[in-house]
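> Starting from these lines, generate the structure:
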Amino acid sequence: MVRRIKPVSRSRKDEARVRAAAPGRRIAEPRLPAPGEVTSPAVDISETATEFIIEMELPGVDSTDVRVLLFASRLEVSGFKRELAAPGGSRYMRLEREYGAFQRDVVVPGTIEPDQAAAALENGVLTIVLRKPPRRRREVEIKVRRDGG
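Purely as a prediction, here's the structure:
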């Protein structure tokens, strides 16, 4: 469940002052997902000679709340980011971080060995390593065809 808390009026006045100081420049408002909406985390994909490396931002997500499925030509990462309770005796003045379900499909950019896939979640970044199969070369025999009898 996503909770939204409006900023305190003092914060609004500060934000209005910043916007007034930069006329014509629109400051993007962070948009929280609607209740029940599934968010899509940011992804980086890189490639080496032997593997594809997929890095996904999942700050504050526990590894037990993430599911990685590998299909023939795509990778599906889904899970849930749990909302943390406010520290004892405190109250939120602003709450902008996203909580709830997330899902991201990534097209696998080439041939991989599914049995060699590995994933690790460290410092809020999920790193998935997909190994490429070794290149195999085969020499093709050339046969001579003779026409006639």
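> mind checking how far residue 111 is from residue 137?
15 Å (CB to CB, to the nearest Å). Bear in mind the C-beta positions are built from the backbone N, C-alpha and C, glycine included.
> Please say which of those two ends up with more neighbours.
A count of neighbours by other CB atoms under 10 Å puts residue 111 above the other of residue 111 and residue 137, at 11 against 4.
> need the contact list for the more buried one.
132-133 (CB atoms under 8 Å, 6 or more residues apart in numbering).
> and what of residue 72?
No residues are in contact with residue 72 under the rule CB under 8 Å, 6+ apart.
> Now it, what are its backbone angles?
phi -60, psi -50 (degrees, to the nearest 10).
> Now do the same for the closest residue to residue 69 other than its chain neighbours: its pLDDT.
Nearest non-adjacent residue to residue 69, counting by CB to CB, 6 or more residues apart in numbering: residue 76, 4.4 Å away. The pLDDT attached to residue 76 in the predicted structure is 95.
> do you know how far residue 76 is from residue 40?
Relative to residue 40, and taking CB to CB, residue 76 is found at 12 Å.
> Overlap in contacts, the two.
103-104.
> Pretty sure residue 130 sits in a strand.
Yes: according to DSSP: H, G, I helix; E, B strand; the rest coil, residue 130 belongs to a strand.
> quick one: it and residue 54 touch, right?
Yes: between residue 130 and residue 54 a contact is recorded at 7.1 Å, counting by CB atoms under 8 Å.
> All the strands of the chain, in order from the start?
43-47, 51-57, 66-70, 74-81, 100-107, 118-122, 125-131 (DSSP state E).
> Mean neighbour count and distance to residue 91 for those - can I get that in a markdown table?
Listed next are those as a markdown table, based on neighbours: other CB atoms under 10 Å; distance: least, CB to CB, whole Å:
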| stretch | mean neighbour count | distance to residue 91 |
| --- | --- | --- |
| strand 43-47 | 13 | 35 |
| strand 51-57 | 18 | 28 |
| strand 66-70 | 15 | 30 |
| strand 74-81 | 18 | 21 |
| strand 100-107 | 16 | 21 |
| strand 118-122 | 13 | 31 |
| strand 125-131 | 18 | 31 |
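> Please consider this matter closed, and thank you.
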